[in-house]
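*Asks:* Model the structure of this input:
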Amino acid sequence: MRSSNPVFSRRGFSRDNGGYAQFDAQQHQQAGAATNPYATNPYATDPTTGMPQAAPRTNAMTIDDVVSRTAMTLGTVVLTATLAWVLLPVDPANLGKSYGIAIVAGLVAFALAMVQAFKRKAVPALILGYAAFEGVFLGVISAAVSTYLSPGVVIQAVMGTMCVFASVLFAYKMGWIRVTRRFYGFVMAAAMGFMLLMVANLLFSVFGGGDGLGFRSGGLGLLFGAIGVILGACFLALDFKQVEDGVAYGAPREEAWLAAFGLTMTLVWIYMEMLRIFSILSGDD
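*Replies:* Okay, here's the model as predicted:
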């Protein structure tokens, strides 16, 4: 099962066509492996003997590794967001400057995310750098929303994001959410459609002014915000599956950074959609 997350999708958190989870640190060498880039799993048991195919790794990733790395990346996001909120006031006199810094920070964060996504190994400096610049972007945007709409909007978005995370984790652990190939395909198709609509809306807003096609304001804004949150929840389920497979089948410990990176990206997505929803409900547009 390949992840929707660009971080995980290039690595060996996967299941083959027979349903056996796999992990191998080396990329495939055989033709046809485009659908399964990690053709063997030296850490799984031999199906004929029931014995391990290879000795377990001593540096295998654990849940504690994922939790600690995720705490570091999210902590960095929160820290830089707080600093941006305090040091970059969004009063009318400095509004243009603050927004300019936010846009630059967002672009840098996107660039760092793309560089890491195409790396074969985790680079903690890139991941933490992404978290830092993403935090600056979120801090300025959150401060602007809080200043010009309602101080409670940001808290509502944070609490909403935490509730979505906790709910999906609980549902996943209880087995209410089953990550299958069909589930994966549906989520990816829906995500592609959603992103295409958002890009079209952005282009219309840039060249036509206003909110473009109206997908991010009013009643349609609420609808598409809700769809965005649901997609984010589905991404979380996919990410949980990839982490579970990685831990169960001997992913190297460095992959914990990638797990943290992917989870952080998904949580940022959910937070932004939550912020949009509560902004509209608070009287925006």
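
*Asks:* give me the low-pLDDT residue ranges for the stretch 101-250 of the chain?
*Replies:* 208-212, 214-216 (pLDDT under 70).

*Asks:* Quick check: pLDDT value at the closest residue to Phe235 other than its chain neighbours.
*Replies:* Nearest residue to Phe235 in three dimensions, chain neighbours excluded: Thr266, at 4.6 Å (CB to CB, 6 or more residues apart in numbering). Quick note: C-beta positions are derived from backbone N, CA and C, even for glycine. We have a pLDDT of 96 for Thr266.

*Asks:* any idea how far Thr266 is from Leu236?
*Replies:* From Thr266 across to Leu236, the span is 6 Å (CB to CB, to the nearest Å).

*Asks:* Please apply the same query to Ile280.
*Replies:* From Ile280 to Leu236 the distance is 23 Å (CB to CB).

*Asks:* again, but for Ala113
*Replies:* 17 Å.

*Asks:* what about the helices in the protein?
*Replies:* With DSSP state H as the criterion, the chain has helices at 63-87, 95-117, 124-148, 152-173, 181-208, 218-248, 255-281.

*Asks:* what angle separates the third one from helix 255-281?
*Replies:* What it means is helix 124-148. Per axes from the mean of the first three to the mean of the last three CA atoms, to 10 degrees, the angle that helix 124-148 makes with helix 255-281 is 10 degrees.

*Asks:* which other helices and strands contact helix 124-148?
*Replies:* Here helix 124-148 is seen to pack against helix 63-87, helix 95-117, helix 152-173, helix 255-281 when contacts are counted using 3 or more CB pairs under 8 Å, 6 or more residues apart in numbering; DSSP states H and E.

*Asks:* Quick check: which of these has the most neighbours on average?
*Replies:* Across the helices and strands packed on helix 124-148, averaging neighbours per residue (mean count of other CB atoms under 10 Å) puts helix 255-281 on top, at a mean of 24.

*Asks:* quick one: Gly152 from Phe261, how far?
*Replies:* Remark: distance between Gly152 and Phe261 (CB to CB) = 30 Å.

*Asks:* scratch that, Phe207 is what I was asking about
*Replies:* Counting by CB to CB - Phe207 and Phe261 are separated by 34 Å.

*Asks:* Also Glu134?
*Replies:* Between Glu134 and Phe261 the computed distance is 11 Å (CB to CB).

*Asks:* picking that back up, run through the residues that contact the residue nearest to Phe235.
*Replies:* Going by CB atoms under 8 Å, 6 or more residues apart in numbering, Thr266 touches Asn5, Gly232, Phe235, Leu236, Asp239.

*Asks:* and with 6 Å instead?
*Replies:* Contacts for Thr266 (CB atoms under 6 Å, 6 or more residues apart in numbering) come out as Gly232, Phe235, Leu236, Asp239.

*Asks:* Using JSON lines, lay out the residues you listed together with neighbour count and distance to Ser98.
*Replies:* Output for the contacts of Thr266, formatted as JSON lines (neighbours: other CB atoms under 10 Å; distance: CB to CB, whole Å):
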{"residue": "Gly232", "neighbour count": "24", "distance to Ser98": "26"}
{"residue": "Phe235", "neighbour count": "24", "distance to Ser98": "30"}
{"residue": "Leu236", "neighbour count": "25", "distance to Ser98": "31"}
{"residue": "Asp239", "neighbour count": "25", "distance to Ser98": "32"}
